[in-house]
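Novice: Just need the structure, nothing else, for what follows:
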Amino acid sequence: MLHRIIEVCINNRFLTMLATVFIVGAGLWAVRKTPLDAIPDLSDVQVIILTDYPG
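Specialist: Numbers count the residues shown, from 1 in each chain. Alright, predicted model coming up:
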């Protein structure tokens with residue numbers, strides 16, 4: 001299967017390069033359109049728990 005894919009890519013160099021440029025362009029477009037909110041807040045989360053112990 002992989003041998004066949006490599007053979008098709010070698011025989012169709014123009015289409016391979018065109019597909020590569022398209023995929024890279026789509027990736028760059030996706031990176032630029034990703035909103036900043038997609039980056040998680042990495043600050044420390046602090047939780048205070050108060051409990052009463054009878055006695």
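
Novice: For the host helix or strand of I6, buried residues please.
Specialist: In this structure, I6 sits in helix 2-11 according to DSSP states H and E. By 16 or more other CB atoms under 10 Å, helix 2-11 has no buried positions at all. Where you see a C-beta, it was placed from the backbone N, CA and C, and this is true even at glycine.

Novice: for that helix, the distance to its chain's centre please.
Specialist: Centroid separation between helix 2-11 and its chain, computed with CA atoms, centre = their mean, to the nearest Å, is 27 Å.

Novice: And the contacts of the helix or strand just after that helix?
Specialist: Once helix 2-11 ends, the next helix or strand along the chain (criterion: DSSP H and E) is helix 13-33. With CB atoms under 8 Å, 6 or more residues apart in numbering as the test, helix 13-33 has contacts from C9.

Novice: Send me helix 13-33 as PDB with only the CA atoms.
Specialist: The C-alpha coordinates for helix 13-33 follow below in PDB (Å, rounded to 0.1, in the frame of the first residue of the first chain):
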ATOM      1  CA  ARG A  13       5.200  15.300  -9.000                       C
ATOM      2  CA  PHE A  14       3.100  18.300 -10.000                       C
ATOM      3  CA  LEU A  15       0.000  17.100  -8.200                       C
ATOM      4  CA  THR A  16       2.100  16.100  -5.200                       C
ATOM      5  CA  MET A  17       3.600  19.600  -4.900                       C
ATOM      6  CA  LEU A  18       0.200  21.200  -5.500                       C
ATOM      7  CA  ALA A  19      -1.300  19.000  -2.700                       C
ATOM      8  CA  THR A  20       1.600  19.900  -0.400                       C
ATOM      9  CA  VAL A  21       1.200  23.600  -1.000                       C
ATOM     10  CA  PHE A  22      -2.600  23.400  -0.500                       C
ATOM     11  CA  ILE A  23      -2.100  21.500   2.800                       C
ATOM     12  CA  VAL A  24       0.500  23.900   4.100                       C
ATOM     13  CA  GLY A  25      -1.700  26.800   3.100                       C
ATOM     14  CA  ALA A  26      -4.700  25.400   4.900                       C
ATOM     15  CA  GLY A  27      -2.600  24.800   8.000                       C
ATOM     16  CA  LEU A  28      -1.300  28.400   8.000                       C
ATOM     17  CA  TRP A  29      -4.800  29.700   7.500                       C
ATOM     18  CA  ALA A  30      -6.100  27.500  10.400                       C
ATOM     19  CA  VAL A  31      -3.400  28.800  12.700                       C
ATOM     20  CA  ARG A  32      -4.100  32.400  11.900                       C
ATOM     21  CA  LYS A  33      -7.900  31.900  12.400                       C
END
